[in-house]
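**Student:** I need the structure of the sequence given here:
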Amino acid sequence: MADIQVVEGTVKVDDVTLHTKSWFPSGPPKAKLIVIHGFSDHVDRYYDFFPTLARRGVAVYGFDQRGWGRSVRRPADKGRTGPTATVLSDIAAFIRAKVFGGGDGDGDVPVFMLGHSMGGGEVLTFASTPEYDDITAKIRGFILEAPFLGFAPEFQPSWLTIASGRLAAHVVPNFHLFKPVPPEHLSRDTEVQKNIADDPLMHNTGTLEGLAAMIDRAEFLSAGKLKLRPHVKSVFLAHGTADMVTSFDRVKEWWERQKLEDGTFKAYEGWFHQLHAEPGKEVFYQDVGDWILVRSGGGEEMRRAPESKL
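**Tutor:** Below is the predicted model:
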């Protein structure tokens, strides 16, 4: 098993300091992967996923988004993500500073981007925004793990709750709303469930502005109001069929409308929301690593390709 190097740091965006963490292979990287975490999540919640990729030669770059994880410096910061424009600007600033601006001499290494849950919706929005073409045109492939394009039936709030929340967001945008996600809805692994419940960084607190923006992104994507930029050609979408947080059906409908040159959809039968923390998660780790490496000229590393279910 190859040794890896883990590096923690920060990146400053405006007046906010974001916590960053990267996992590097022992030798020159074969690929780079930018990861965008989900709601009430942080980069240390992905178990052996990132170290596994690093051991296969994929350098992984992550950060705790504004309002989440170790980027929260005081209680008022919890869930204070800002509007979508701020979310996307933070992602761009992180990529420019840590992935494209490091001066590490590996500028020819292919770059990929992964988003989970809320982060999946953010990645899709980022890849649909012309303002960031200078970044997304350099990204060889996008990986979506259970992206948030709508709530699963078990977690769907009423239309009245959503409408009133949107209205209130204009008046008191930074009002905190405690929105817990039951750990037993995230993974079938009881140890993972306990670990989630005991994690003080998973505060389950959003602001009205941030929650409204998250829902808007999902609805704009689902309705086709946001479309992937023409240069986005390679996408691997992975989703559990028993997901009780994000809607598998909504994601499937979105996927069937895409006309991608290199698109792979894999449905993980009976799996819950966090594919990276499910029993048998090593299959997902292998699928992601294979998909990246075969598109990085590392076909010899691929033992089996992800299977398309559609």
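**Student:** can we go C-alpha only for contacts and neighbour counts from here?
**Tutor:** OK.
**Student:** Walking through this protein, point out its helices one by one.
**Tutor:** Along the chain, counting by DSSP state H, helices occupy 49-55, 84-94, 118-126, 133-136, 159-171, 183-186, 190-197, 208-222, 248-257, 281-294.
**Student:** out of these, nearest to Ala238?
**Tutor:** With respect to Ala238, and counting by CA to CA, the nearest of these is helix 281-294 at 8.5 Å.
**Student:** Any regions of this structure where pLDDT drops low?
**Tutor:** Counting by pLDDT under 70, the chain has low-confidence residues at 1-2, 102-106, 155-165, 167-169, 298-310.
**Student:** Met142 is in contact with Pro110, isn't it?
**Tutor:** If you look again at residue 142, you'll see it is Phe, not Met. No: counting by CA atoms under 8 Å, Phe142 does not reach Pro110; the two are 11.7 Å apart.
**Student:** Comparing those two, which shows the higher neighbour count?
**Tutor:** Each of Phe142 and Pro110 has its neighbours counted (other CA atoms under 10 Å); Phe142 has more, 25 against 21.
**Student:** OK, contacts around the more buried one?
**Tutor:** 112-114, 234-236 (CA atoms under 8 Å, 6 or more residues apart in numbering).
**Student:** Tell me the spacing between it and Gly121.
**Tutor:** Phe142 sits 12 Å away from Gly121, going by CA to CA, to the nearest Å.
**Student:** swap in Ala267?
**Tutor:** Following CA to CA, the distance that separates Ala267 from Gly121 is 18 Å.
**Student:** Same check on Lys179?
**Tutor:** Taking CA to CA, one finds Lys179 at 18 Å from Gly121.
**Student:** Give me the phi and psi angles of the residue lying closest to Thr136 once chain neighbours are set aside.
**Tutor:** Using CA to CA, 6 or more residues apart in numbering and skipping the chain neighbours, the partner closest in space to Thr136 is Ala127 (6.1 Å). Here is the backbone geometry of Ala127 (degrees, to the nearest 10): phi -80, psi 0.
**Student:** contacting residues for Ala127?
**Tutor:** 133, 136, 228-229, 232.
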